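Just a sequence and a predicted model for now, questions to come.
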Amino acid sequence: MNKETEKELNNIIAELRADREKRLKVLKETIANHNPEAMFAEGFDDCLAGFDSKGRAIYFANEIIGTLVSRDDMSEEEALEFFDFNIECAYVGEFTPIYMWEE
């Protein structure tokens with residue numbers, strides 16, 4: 001790959017990342033506006049999927065596991081166990097986030 005093509009690809013990737021970050025920020029703001037009491041899974045904004053009719057944040061469980069593996073250097077088994085016991089089972093009130101599995 002020549003330098004010009006590589007530069008062009010890097011620019012496209014940067015634009016896609018910026019667009020994704022902007023969409024996730026808007027989604028999080030929309031949830032907070034819809035339900036000011038909504039709770040979020042700290043450190044997992046990039047795993048946010050949407051919200052339900054009660055204004056609870058919904059996260060992709062698969063993405064959280066992937067984040068734990070890549071960001072926190074866990075094995076997949078460790079990440080799944082951590083998710084099960086420390087994230088998914090943590091009830092912090094009526095507006096605790098919801099976690100869904102995506103196939």
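Yep, it's here.

ok, which stretches of the chain are strands?
For the chain, strands defined by DSSP state E occupy the ranges 48-51, 57-60, 98-100.

Pick the most deeply packed of the ones you listed.
Per residue and on average, the most neighbours among these fall to strand 57-60, with a mean of 21 (mean count of other Cβ atoms under 10 Å). From N, CA and C alone the C-beta is placed, and that goes for glycine too.

That one: partners in the sheet, and parallel or antiparallel?
strand 48-51 (antiparallel), strand 98-100 (parallel) (DSSP bridges).

Quick one: mean pLDDT over the shortest one.
For strand 98-100, the per-residue pLDDT values average out at 97.

Run through who's touching that strand.
49, 52, 56-61, 64, 83, 87-88 (Cβ atoms under 8 Å, 6 or more residues apart in numbering).

one more time with 6 Å
56, 58-59, 61, 88 (Cβ atoms under 6 Å, 6 or more residues apart in numbering).

Need the max-distance pair from the residues you listed.
Spatially, the most separated pair among these is 56 and 61, at 14.5 Å (Cβ to Cβ).

follow-up on the earlier one: pipe the contacts of strand 98-100 into CSV and attach pLDDT and distance to residue 94 per row.
Output for the contacts of strand 98-100, formatted as CSV (pLDDT from 0 to 100; distance: Cβ to Cβ, whole Å):
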residue, pLDDT, distance to residue 94
56, 97, 8
58, 97, 15
59, 98, 17
61, 97, 20
88, 95, 17
